[in-house]
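>>> this one's sequence-less:
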């Protein structure tokens, strides 16, 4: 007589960390990377008397922001090994909201909807790219 084996309907293998915790870790890594790069750039700006750096600091900071979102997305999706685009989108979106909120609070100026949409779209695009790269590493 054969032995009866009960099958489960769903995969019951243990899962890794939850998606929400990975998104929070990714945003945290992005903020830390941004702070380290900003500190490094400010030290370079203080040490050198070159006005070339000061003239292009706005563009350099946009690059630092994009690289930070990319690093955070890669970090989080490496741990997840799936759903890279979703995690990357959320990391990019949350990071942009945090950075715009801090910037508005510090400067006491409002931001135009076009500029906000541009920053959100760029952050989401870099987050997707980092998520795809992180899943495939």
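Perfect, I can see it now. Keep in mind that this is a model prediction, so the values were computed, not measured.
>>> separation between the most centrally placed residue in the chain and residue 101?
Centroid-nearest residue in the chain, with C-alpha atoms, centre = their mean: residue 69, separated by 3.0 Å. For residue 69, the distance to residue 101 equals 16 Å [C-beta to C-beta, to the nearest Å]. Just so you know, the C-beta spots here come from the backbone N, C-alpha and C atoms, and that holds for glycine as well.
>>> again with residue 131
Where residue 101 is concerned, residue 131 sits at a distance of 23 Å (C-beta to C-beta).
>>> the two: which has the busier surroundings?
residue 131 (29 against 11; other C-beta atoms under 10 Å).
>>> just how off-centre is the lengthiest helix in the chain within its chain?
Counting by DSSP state H, the longest helix found in the chain is helix 19-47. With C-alpha atoms, centre = their mean, to the nearest Å as the basis, helix 19-47 stands 10 Å off its chain's centre.
>>> I'd like the mean pLDDT over the helix or strand hosting the residue nearest to the centre of the chain, please.
Assigned by DSSP states H and E, residue 69 falls within helix 57-80. For helix 57-80, mean pLDDT is 91.
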